[in-house]
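In: Next input, structure requested:
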Amino acid sequence: MIDGALLLQTSLNAIYAASYLSLIAVGLVLIFGVMKVVNFAHGELYMVGAYALFWVFSQNELPFFLGVAVAIVGVGLIGLIMERALFRPMRDNPLGGLIMSIGVLLMLQALAVQAFGVRKKSIPGPYHGSIELFGIDGLTISAQRLVVIVFAVVLLSALWLFLKRSKLGWALRAVAQDREAAALQGISIGKISMLAMVLGAALAGAAGALTATIVPTGPYMGHSVIIAAFIVIIVGGVGSLEGAVVASILYAFVATFVTTFADGVIADIVGLLLMFAVLIVRPHGLFGKPERA
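Out: Below you'll find the predicted structure:
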């Protein structure tokens, strides 16, 4: 018989996984929705965020949240450079943009190896110990994981308010829905594309910095994350921010429970089977819309 406390503990672990995966997937959806570019370097932006935290917090012994802020701003600036120098010239060539992103992926990995070496870094977190929840013996969550969950909720809520309540947010959503119609309304496609890239990259950097004290930081840490993010956006529906969040929660719960009660490799297989099952029932994903003819 399965212990109820174990089920609750596994659910807490899944919520943690869903929180940082949502940040990564939402950023990827923003970039694709506006720019129509499949950014394969998104996992490496996550990795750069983790190394930014390592450099600020661990090497220079500056405050943890300053490291998170540096990661958000620094990775956002990398996104800006990528959009202006690489993706904008390839605006009418999606395949060219995809190839450019693979080039950035390899370049960022090489720079990380040169700067920090191949060996993974373990970064002690600023918060130690665990918090017992609901007075249930054994149902605990580490303080550092709780920080990740709270930050993810705050950042995603701020993004939602920005998209729903601000003129720039309306413009970003308009471009994602119909670029030509948005351009006819006087919206600058270039500026909105730059904004989407900066926001998407910043969210990936935030996820990397927040999880750097929990997950070992290494040059190739973005591989598994980007695979999970692609599965999530396909399940949720390509271009759907709401779908990315819901699918992140669904994928995180499936992967965490299968890992806990079976094996991590089996969890990867089940994640892919989940994607195939959703595509069979809804080819455009849970929240995606069929392409107009």
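
In: Any buried residues in stretch 166-186, and which?
Out: Burial within stretch 166-186, assessed by neighbour count using 16 or more other C-beta atoms under 10 Å, is assigned to 169, 171-176, 179, 182. Where you see a C-beta, it was placed from the backbone N, CA and C, and this is true even at glycine.

In: Which helix or which strand is home to Pro283?
Out: If you go by DSSP states H and E, Pro283 is not part of any helix or strand.

In: Which secondary structure state does the closest residue to it other than its chain neighbours sit in?
Out: The shortest distance from Pro283 to any residue other than its chain neighbours is 7.9 Å, reached at Pro290 (C-beta to C-beta, 6 or more residues apart in numbering). Three-state call for Pro290 (DSSP: H, G, I helix; E, B strand; the rest coil): coil.

In: my guess is Pro290 meets Gly239, correct?
Out: No: assessed by C-beta atoms under 8 Å, Pro290 is found out of contact with Gly239, at 11.6 Å.

In: Quick check on these two: which one has the bigger neighbour count.
Out: Taking other C-beta atoms under 10 Å, Pro290 and Gly239 do not tie; Gly239 has more neighbours (21 against 8).

In: ok so, going back, sort the buried residues of stretch 166-186 by pLDDT and name the bottom one.
Out: Here the lowest pLDDT out of the buried residues of stretch 166-186 sits on Arg179, with 86.

In: Just give me the neighbour total for the nearest residue to it once chain neighbours are set aside.
Out: Take Arg179 and drop its neighbours on the chain: the residue closest to it by C-beta to C-beta, 6+ apart is Ile189, 6.1 Å away. Residues lying near Ile189 (other C-beta under 10 Å) number 17.

In: Okay, buried residues for the one helix or strand Leu274 maps to please.
Out: Assigned by DSSP H and E, Leu274 falls within helix 264-281. Neighbour-count burial for helix 264-281, with 16+ other C-beta under 10 Å as criterion, is recorded at 267-268, 270-271, 274-275, 278.

In: Can you lay out those residues as a markdown table showing pLDDT and distance to Ser122?
Out: Output for the buried residues of helix 264-281, formatted as a markdown table (pLDDT from 0 to 100; distance: C-beta to C-beta, whole Å):
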| residue | pLDDT | distance to Ser122 |
| --- | --- | --- |
| Ala267 | 93 | 23 |
| Asp268 | 90 | 24 |
| Val270 | 93 | 29 |
| Gly271 | 92 | 26 |
| Leu274 | 92 | 31 |
| Met275 | 93 | 32 |
| Val278 | 92 | 36 |
